[in-house]
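Colleague: here is my input, please return the structure:
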Amino acid sequence: MRRSLPSPPLRESLPVPPSRVSFPALLVRVLLPLLPVRVLLRVLPVALRLFVPVRVIFSTLARVSTL
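Modeller: The predicted structure follows:
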């Protein structure tokens, strides 16, 4: 179980425009209706294959750094 670290007060000093925050979500909302289902089914396993090793590497790095 991970504890979420308290975020440093960077948000008060650096105002982030809301368009930049919601850009990936907006991109997904725009591109998902345009993608045919075949392309989505072809891309999704590849993305999962790429995502899982990266997550494993980061979790092992986090464990090593906490030791």
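Colleague: need the longest helix for the protein.
Modeller: In the chain, assigned by DSSP state H, the helix with the most residues is helix 37-66.
Colleague: check which residues of that helix are buried.
Modeller: By 16 or more other Cβ atoms under 10 Å, helix 37-66 has no buried positions at all. Backbone N, C-alpha and C define where each C-beta goes, glycine included.
Colleague: where does pLDDT dip in the chain?
Modeller: Counting by pLDDT under 70, the low-confidence segments of the chain come to 1-22.
Colleague: give me that answer again for 50
Modeller: Scanning the chain for pLDDT under 50 picks out 8-14.
Colleague: quick one: R29 and F23, what's the gap?
Modeller: According to Cβ to Cβ, to the nearest Å, R29 stands 11 Å off from F23.
Colleague: do the same with S59
Modeller: S59 is 27 Å from F23, by Cβ to Cβ.
Colleague: just P33 next, same as before
Modeller: From P33 across to F23, the span is 17 Å (Cβ to Cβ).
Colleague: out of these two, which sits in the busier spot?
Modeller: Per other Cβ atoms under 10 Å, whichever of P33 and F23 has more neighbours is F23, with 11 against 6.
Colleague: and that one, how far from R49?
Modeller: 25 Å.
Colleague: cool, and A62?
Modeller: Distance from A62 to R49, counting by Cβ to Cβ: 21 Å.
Colleague: what do you get for V43?
Modeller: Distance of V43 to R49, given as Cβ to Cβ: 11 Å.
Colleague: do F58 as well
Modeller: 16 Å.
Colleague: again, but for V56
Modeller: For V56, the distance to R49 (Cβ to Cβ) stands at 12 Å.
Colleague: overlap in contacts, the two.
Modeller: Shared contacts of V56 and R49, defined by Cβ atoms under 8 Å, 6 or more residues apart in numbering, are absent.
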